[in-house]
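Asker: coordinates only, sequence not included:
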RNA sequence: UUCGCUGGGGGAAGG
């Protein structure tokens, strides 16, 4: 499985596939994890159709898909904006008494957000909060990003605070999403406040955090301040 | 039977 994963992650999917077939023919028999590795690689390399075929072949060969493999396929469908089929898979899991993980729902929420169904995604997140599996900081970040990008920065800030009230600690990514949202709405001062807040929480801004801020500063004409930030990056 | 290993989700700019 490690070898199959290596082939996949270095872009050599045909080799990975050959290896899986060789395992199937002459052992050791591939297990659910073997197939999941290949399934994920196929989904991520724009070959969802082949992923679906592999998923079905795996079932024909007598392996029952688990929560992980379903999640991988659901994510594949979502990335292709095929949300309804993703939801069908979710129903199928339910029929098989497979209980979705946080990651499963988070993938679906990302799909919903990226095709504009933000209020449904928000309801979904609240449903997770009420009845589990609980949303985590990634689940919130996806919705934060969608709210920011659809001109609902204030609602994003509300949700960010609600996430904290509910006991989750924001990370570098969630702060960066908000900072970028503030910058894009030309609310640079608020972006700077969040940036300072990160420091107070011992969160270390990364390149993307700085890039968002520098971009916002430049596009609002505050070039010398942007320059200072670039120097600060250079020095730390 | 127990234990261990390997698989899944989020952010910026530039043409």
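Answerer: That came through fine. Model, not experiment: these values are computed from the prediction.
Asker: quick one: residue A:11 and residue A:35, what's the gap?
Answerer: 19 Å (Cβ to Cβ, to the nearest Å). For glycine as for every other residue, the C-beta is placed from the backbone atoms N, C-alpha and C.
Asker: so what's the residue of chain A most remote from its centre scoring on pLDDT?
Answerer: Here chain A reaches farthest from its C-alpha mean at residue A:26, the gap being 36.8 Å by Cα atoms, centre = their mean. As predicted, residue A:26 sits at a pLDDT of 89.
Asker: separation between it and residue A:149?
Answerer: Distance from residue A:26 to residue A:149, by Cβ to Cβ: 50 Å.
Asker: and residue A:4, how many neighbours?
Answerer: Using other Cβ atoms under 10 Å, residue A:4 has 24 neighbouring residues.
Asker: isn't it up against residue A:20?
Answerer: Yes. Using Cβ atoms under 8 Å, residue A:4 makes contact with residue A:20 at a distance of 6.2 Å.
Asker: overlap in contacts of these two?
Answerer: A:34, A:38 (Cβ atoms under 8 Å, 6 or more residues apart in numbering).
Asker: need the contact list for residue A:54.
Answerer: Contacts of residue A:54 by Cβ under 8 Å, 6+ apart are A:35, A:38, A:39, A:42.
Asker: restricted to helices, list those residues.
Answerer: Using DSSP state H, A:35, A:38, A:39, A:42 are the members of the contacts of residue A:54 that sit in helices.
Asker: which parts of chain A are helices?
Answerer: Counting by DSSP H, the helices of chain A are A:2-9, A:13-26, A:32-44, A:48-60, A:67-79, A:83-95, A:102-114, A:118-131, A:137-149, A:153-165, A:172-184, A:188-200, A:207-219, A:223-235.
Asker: average pLDDT for the fourth one?
Answerer: Right, helix A:48-60. The average pLDDT within helix A:48-60 is 95.
Asker: per-residue pLDDT, the closest residue to residue A:52 other than its chain neighbours?
Answerer: In this structure, residue A:52 finds its nearest non-sequential neighbour in residue A:73, 7.2 Å apart by Cβ to Cβ, 6 or more residues apart in numbering. Note for residue A:73: predicted pLDDT of 96.
Asker: ditto for residue A:95
Answerer: The pLDDT attached to residue A:95 in the predicted structure is 93.
Asker: and it, how many neighbours?
Answerer: When counting by other Cβ under 10 Å, one arrives at 7 neighbours for residue A:95.
Asker: and the nearest residue to residue A:129 once chain neighbours are set aside, backbone torsions?
Answerer: Among residues not flanking residue A:129 along the chain, residue A:135 sits closest, at 5.9 Å (Cβ to Cβ, 6+ apart). In terms of degrees, to the nearest 10, the main-chain angles of residue A:135 are phi -70, psi 150.
Asker: distance of residue A:135 relative to residue A:120?
Answerer: 15 Å.
Asker: quick one: which of those two has more around it?
Answerer: Remark: of residue A:135 and residue A:120, residue A:135 carries more neighbours, 24 against 13, as counted by other Cβ under 10 Å.
Asker: isn't that one up against residue A:128?
Answerer: Yes. Applying Cβ under 8 Å as the test, residue A:135 and residue A:128 come out as touching, 4.6 Å apart.
Asker: all set, thanks.
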